[in-house]
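Asks: One predicted model, sequence on top.
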Amino acid sequence: LFICLAVLAGLAACDLKPDRAGKKIRFEKTVLETVEDKLAQLNTQVTVHLYRGSGKESGAQETSALLDLMTEKSGFLTVERHNLDQESDIRETMKADHGPILIPAGPRNSRSSFLGYPDRKELAPFLDSILIASGQVPELGPGTEAFLKGLDEEVFIRVFTTPD
């Protein structure tokens, strides 16, 4: 009985979100809080372009469910879904042979893009990229701010992450 109660309590802390295929996606409480906190700051319309393609994708259902959750949390966020197999120009630009690819677009051209499901440590930077696309500047640590102010030319940064 104790185990059943513990499982039910754990489920209550998660949000179940069906993906487009009907599979239930669970988001931990910390994910829900992070999404709500960041998107509460959004006050300008932003569109996230989601490119999905062939069956080689990893995390595509989770990505779609996360974006659905985000659009529910903010009236300033919309999602446009694209077929990566039909849009070879984005495939070449991103140098990617599969999706999901996420590109936030708003009044400010931030030129940020994400390949794959923005999970764990990638979630906050992804949400920050949405704020940047809206024209806002997320809070930076003093060291990061000093480093960025010291740059005298445009820099291309590509970050590769691995699962925790």
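Replies: Done, it's in. Treat the numbers as computed from the prediction; the structure is a model and nothing was measured. Numbers count the residues shown, from 1 in each chain.
Asks: Mind naming the longest helix for this protein?
Replies: Taking DSSP state H as the criterion, the chain has its longest helix at helix 60-73.
Asks: tell me how far it is from the chain's mean position?
Replies: 8 Å (Cα atoms, centre = their mean, to the nearest Å).
Asks: In the helix or strand following it, which of the residues would be classed as buried?
Replies: Next in sequence after helix 60-73, counting helices and strands by DSSP states H and E, comes strand 77-83. By neighbour count on 16 or more other Cβ atoms under 10 Å, the buried set for strand 77-83 is Leu77, His82. Where you see a C-beta, it was placed from the backbone N, CA and C, and this is true even at glycine.
Asks: Next: stretch 118-126.
Replies: Quick answer for stretch 118-126 (16+ other Cβ under 10 Å): Pro118, Asp119, Leu123, Phe126.
Asks: same for the longest helix of the chain, what does it pack against?
Replies: Applying 3 or more Cβ pairs under 8 Å, 6 or more residues apart in numbering; DSSP states H and E, one finds that helix 60-73 contacts strand 15-18, strand 24-27, helix 29-39, strand 46-52, strand 77-83.
Asks: now, of the ones you listed, which is deepest in the fold?
Replies: strand 46-52 (a mean of 21; mean count of other Cβ atoms under 10 Å).
Asks: mean confidence score for that strand?
Replies: Mean per-residue pLDDT for strand 46-52: 93.
Asks: how far out from the middle of the chain is that strand?
Replies: 9 Å.
Asks: That strand to strand 77-83, inter-axis angle?
Replies: Inter-element angle recorded for strand 46-52 and strand 77-83: 20 degrees (by axes from the mean of the first three to the mean of the last three Cα atoms, to 10 degrees).
Asks: For strand 46-52, enumerate the helices and strands it packs against.
Replies: Partner elements for strand 46-52 (3+ Cβ pairs under 8 Å, 6+ apart): helix 60-73, strand 77-83, strand 101-105, helix 123-133.
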